[in-house]
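Enquirer: What follows is a predicted protein model with its sequence.
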Amino acid sequence: MSQTSSPVDQLTTPDAHVWMQYVPDGAVSVTAEGLTLVLKASIVLQERFEALLAKRKAGALSVEETREYEAICDLDAALSWLNRLARGSRNA
């Protein structure tokens, strides 16, 4: 994740929707683990993230690719947080 704020803080800021323009349609898949739905990055998004990560490590990301990389990181943090909530509510 590119920032230290919580996913809730990121989703409720005035410009929270801005990062979503850098995440492609079909970026999230839903699977079932028992009675809980689990949100995951799609295979296509995972592959794109790996390509961007390799370019980032090489210091070759453009400004637009940096925004895309950060958006994917933010999406991953949000999905992780939502999945933790779902697991917690199942155990409550």
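Expert: All right, it came through fine.
Enquirer: Wait, a strand at Gly59?
Expert: No - using DSSP: H, G, I helix; E, B strand; the rest coil, the secondary structure at Gly59 is coil, not a strand.
Enquirer: Show me what the top helix by length along the chain is packed against.
Expert: Longest helix of the chain, by residue count under DSSP state H: helix 63-91. Under the contact definition 3 or more CB pairs under 8 Å, 6 or more residues apart in numbering; DSSP states H and E, helix 63-91 sits against helix 7-12, strand 36-41, helix 43-57. Where you see a C-beta, it was placed from the backbone N, CA and C, and this is true even at glycine.
Enquirer: Apply 10 Å and report the result again.
Expert: helix 7-12, strand 28-33, strand 36-41, helix 43-57 (3 or more CB pairs under 10 Å, 6 or more residues apart in numbering; DSSP states H and E).
Enquirer: mind listing what's buried in that helix?
Expert: When burial is assessed from 16 or more other CB atoms under 10 Å, helix 63-91 yields the following buried residues: 65, 67-79, 81-83, 86.
Enquirer: Stretch 35-52 too?
Expert: Buried-residue list, stretch 35-52, by 16+ other CB under 10 Å: Leu39, Lys40, Ala41, Leu45, Arg48, Phe49, Leu52.
Enquirer: Might you report the residue contacts of Gln46?
Expert: Neighbour list for Gln46: Ala27, Ser29, Lys40, Ile72, Asp76 [criterion: CB atoms under 10 Å, 6 or more residues apart in numbering].
Enquirer: so what's Ser42 closest to, chain neighbours aside?
Expert: Leaving out its chain neighbours, the residue that sits closest to Ser42 by CB to CB, 6 or more residues apart in numbering is Ser29, at 4.8 Å.
Enquirer: gap between the one you found and Lys55?
Expert: Per CB to CB, to the nearest Å, Ser29 is found 24 Å from Lys55.
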